[in-house]
Every structure is written in structure tokens, then in C-alpha cells.
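model this:
(one chain, ligands or ions: 1)
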Amino acid sequence: MKKKIVVFTGAGISAESGIRTFRDNDGLWNEYPVAEVATKFALEHNTEIVLKFYNQRRLAAAKAQPNFAHIALAELESTYEVIILTQNVDDLHERAGSSNVIHLHGQLNRAQSSIDSSIVYAWDKPIHIGQHCELNSQLRPNIVLFGEPVLHLEEARRHIKSADKVLAIGSSLTVLPAASLLKKAPYKAEKILVSLDVKGKIPYGYKFLRGKAANIVPAICKNWIL
Ligand code: NAD
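The predicted model follows:
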């Protein structure tokens, strides 16, 4: 049976593909206050602004290409069972070739009903006011906004609890409960965190490698495949 690697990724892994993070110095939160674009309240009261913000994000993600870190993670599947738990809403893991990607915070290339979150459509265009789902409610991005529950959390917990190795990449570790998943890794598992910086507390047992994902992750993966 193949050993299991659980990879936890945040916005930092896609930074070198040209997709901006939220919390770095040039992060999106400096330009767009979180309360105005990424909360349930904002979606209900300033729908047009929220749709526009995510329409821009969808366009930026579609133009981006996977980088060496995404590609190296996909290559791990030659030797390991690999589960990617991502906070990211882009599809760069899938486009790099990873087959088991769990999106904890939703996906930009999907639209969902405003009244029934189980109604989701593949969506690669902008979402506009007046575009409705089959229940005649406004379409919205399939994104977990602040104040909404994280997706697939139980499934993610199950995976990380049974991991032989855990690799966390490019997360400030500030967004809960997603970041707290790292604490569920087994004591015995090898655990590595790669990031330029971390704002939350590094969980016990993780070896912290400070640097850019596209420089560091390929070497870790190559070493694990040998
Ligand atoms: P974050 O913006 O809070 O933190 C990003 C982290 O990545 C920082 O700690 C930073 O030091 C690090 N980093 C920046 N460039 C890096 C690089 N080249 N290599 C390695 N690390 C690098 O992001 P987060 O922790 O993922 O959490 C915030 C939320 O942001 C998530 O909910 C996610 O949905 C959302 N988000 C997603 C995307 C995306 O899909 N690509 C982009 C922006 C924000």
C-alpha cells in the first residue's frame, strides 16, 4: 500500500504564478477591505461590489499557470497517495495534474445559488446581477465567505489524521478553522511547513523552512520520491 502524504496549501503557493495573496505587504486586503468584499453581510448588502471583486479574481486565476511547486506535488502521485487540502480558490493544483484536491474555501470556477449552496455550476465567466439559478435566486461565487462554514472539514480531518507525511505550504496560518487542521497530524508523521512568513503559531512538530514555494517544494518532493 502506498504511504500517504497530506499537503495543505494557502495563497503563498500560487503567488509565484502571479495570483496575489491576501495578507502580504502587496496583498489584496490592503486594497480591498475584507468587510467590503469577503463577508456574508457584504454579499447581501453590496452584491455588485462582491461580484466584481470575485470576477476579477476569476480572471486572474484563469490567466495564471501552475508553477514548479504545483507541478512537483502532482509528481508525488507516482509514489504516494497524495491528498491536497487547499485554502485556495484557484484551480492550479488540478491544472498541474493533482487528482485528489479538496477545496476548503470553494472554487472560483464555480457559481452557486444564493439560497441553496448545493446548487453549483461550472462557471468560467463573470457573474452579473440578474443571473439566476434554477430556483430563481441570484447566482454568487462558490466561495466560502467570512461567516460561512468551511467545506469538507470532517473529510479533511480524517485525511490528515492518517497521514505519513504532512507538507504545509504558503499559508499565514491565520484563517481558522482551516489552519487548525495541521494540529491533527499524527505525532509520528514527518511534518514540514514552507512559507515566506507565518502570522499564526507554527504547530508543534513542524519543521519550518522559510522561503519561496517554487524554490523549496520541488527539492522536498524529489527527496521523498527517491
Ligand atoms: P494569506 O494571504 O493569509 O497568506 C499567504 C502566506 O503565503 C503568507 O504567510 C506569506 O508569507 C506566504 N507566501 C507569500 N508568497 C509566498 C511564496 N512565494 N512562497 C511561499 N510562501 C509565500 O493566505 P492563506 O493563509 O491561504 O489564507 C487566506 C485565504 O486567502 C484563504 O481563505 C484563501 O481562500 C484565500 N486566497 C486564495 C488565493 C488563491 O486561491 N490563490 C489567493 C488569495 C487569497
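
C-alpha from now on. contacts and neighbour counts both.
OK.

end-to-end on stretch 72-88?
Terminal residues of stretch 72-88 are spaced 17 Å apart (Cα to Cα, to the nearest Å).

rounded mean pLDDT for stretch 189-198, please.
Averaging pLDDT along stretch 189-198 gives 96.

what helices and strands are in contact with the helix ranked longest in the chain?
With DSSP state H applied, the helix covering the greatest number of residues in the chain is identified as helix 47-63. Counting contacts by 3 or more Cα pairs under 8 Å, 6 or more residues apart in numbering; DSSP states H and E, helix 47-63 packs against helix 34-37, helix 40-45, strand 106-113, strand 139-143.

list the buried ones in the first one?
Right, the one you point to is helix 34-37. Neighbour-count burial for helix 34-37, with 16 or more other Cα atoms under 10 Å as criterion, is recorded at 36-37.

how about stretch 157-170: buried residues?
When burial is assessed from 16+ other Cα under 10 Å, stretch 157-170 yields the following buried residues: 157, 159-170.

er, stretch 98-117 I mean
So stretch 98-117, judged by 16+ other Cα under 10 Å, has buried residues 98, 102-114.

likewise stretch 197-207?
Of the residues in stretch 197-207, those buried by neighbour count under the rule 16+ other Cα under 10 Å are 197-198, 202-203, 205-206.

same for the ligand: which of those are within range?
The subset of those within reach of the ligand, by Cα under 6 Å from any ligand atom, is 197-198.

and the buried residues of stretch 197-207, which two are the farthest apart?
The largest distance within these, taken as Cα to Cα, falls between Asp197 and Gly205 and amounts to 17.3 Å.
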